[in-house]
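Undergrad: Need coordinates for the following:
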Amino acid sequence: MYNQQLTAFICVANCGSFSKAAEKLFISPTAVMKQINALEAHLSLKLLTRTNRGIRLTSAGESIYKDAKSFIANSGKAIQKAKEIAEIANYTICIGTSMLNPCKPFMDLWYRISDQFPKYKIHIVPFEDDQSGILDVVSSLGINFDFLIGACDSSQWLSRCHFFELGTYRHCVSVPVKHRLACKTLIDYEDLYDETLIMVQRGDSPSNDRIRDEIQKNHPQIHVEDTGSFYDIGVFNRCAKTGSILLSLECWQDIHPSLINIPIAWESDIPYGLLYATDPPEDILEFVHAIGSSQK
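TA: Below is the predicted model:
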């Protein structure tokens, strides 16, 4: 943080000679003189005057001497503060959170096992549920976040991270509040005849593909409309504006105020859990293990 030559200069000033300073610094008098000469050259200032009785500080040297001691002390404090911050960072778990993938389920887990990790603190990092950018978010696990938590059977997500399953969410359908089906408490396939059902496109989510297969085989009266491989808030807005129905999840019941979630009559769910880096540090693996143990 500071020029080591200042240490030699202060020692010479305190001792009054190069030889005594050399003894204290455990270097040769010649090495001490070279450091002082280098410091004077660097500052373009004459700091010392050599006399028969030893050395004497110039007026510039007196000024540097007074300020240098304070500077070195402050530098030491700055280094210590930086080390403390780095130490805190080493014991911080960063959790991503978004509208569709909120961190609350993670926090519920954390409160259950936090006594096992007394040094650790939680830092919440928001991110956007954007169809075009979500894969970059998942890929940043281990860099921007230690964990995300959410529903996931996406092959594209799972190729970019590890996944620790915590449970499942039931599929539902989200319908506009003034839709003819909004008064129902349970939706079956036949209720969706002549309706547009928005789903993620085929090929990335096995649970969604099974529903699509059933519709195409046995319920062609339902018009299926693709969105992308992933949802964002724009998909919910689209349903609210067009009156279409969205294949949704029970955990998204409060995402959009103009839509209501209604359970489906057939069995269908999707796993949810922790997403973390493919090559996680040891403490993250310990955390996952602790969560797994708490689930038993």
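Undergrad: contacts, neighbours, all on C-alpha from now
TA: Will do.
Undergrad: helix/strand/coil for Glu23?
TA: In terms of secondary structure, Glu23 is helix; the call rests on DSSP: H, G, I helix; E, B strand; the rest coil.
Undergrad: and it, what pLDDT?
TA: The pLDDT attached to Glu23 in the predicted structure is 87.
Undergrad: Same question for Asp129.
TA: pLDDT at Asp129 comes out at 92.
Undergrad: wait, what's in contact with it?
TA: Contacts for Asp129 were tallied using C-alpha atoms under 8 Å, 6 or more residues apart in numbering; they are Ser98, Met99, Leu100, Tyr231, Asp232, Ile233.
Undergrad: Just the buried residues out of those, in PyMOL syntax.
TA: With 16 or more other C-alpha atoms under 10 Å as the burial test, the buried ones among these are selected in PyMOL as follows:
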select buried, resi 100+231+232
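Undergrad: In terms of pLDDT, where does Thr92 sit?
TA: What the model reports for Thr92 is a pLDDT of 87.
Undergrad: Ok, the one 10 residues further on next?
TA: With respect to pLDDT, Pro102 scores 95.
Undergrad: Ile55 now?
TA: With respect to pLDDT, Ile55 has a value of 83.
Undergrad: tell me the phi and psi of it?
TA: Backbone dihedrals for Ile55, given as degrees, to the nearest 10, come out at phi -120, psi 150.
Undergrad: Helix or strand with the lowest mean pLDDT in this protein?
TA: Taking mean pLDDT, DSSP states H and E as the measure, the chain has helix 59-90 as its least confident helix or strand, at a mean of 71.
Undergrad: quick one: strands adjacent to the strand ranked longest in the chain?
TA: The strand spanning the most residues in the chain, taking DSSP state E as the definition, is strand 162-176. The pairing partners recorded for strand 162-176 under DSSP bridges are strand 245-249 (antiparallel), strand 259-263 (antiparallel), strand 269-276 (antiparallel).
Undergrad: Switch these over to TSV; also include mean neighbour count, mean pLDDT and distance to Glu62.
TA: As requested, the strands paired with strand 162-176 are arranged in TSV below (neighbours: other C-alpha atoms under 10 Å; pLDDT from 0 to 100; distance: least, C-alpha to C-alpha, whole Å):
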stretch	mean neighbour count	mean pLDDT	distance to Glu62
strand 245-249	23	97	74
strand 259-263	22	97	76
strand 269-276	20	96	58
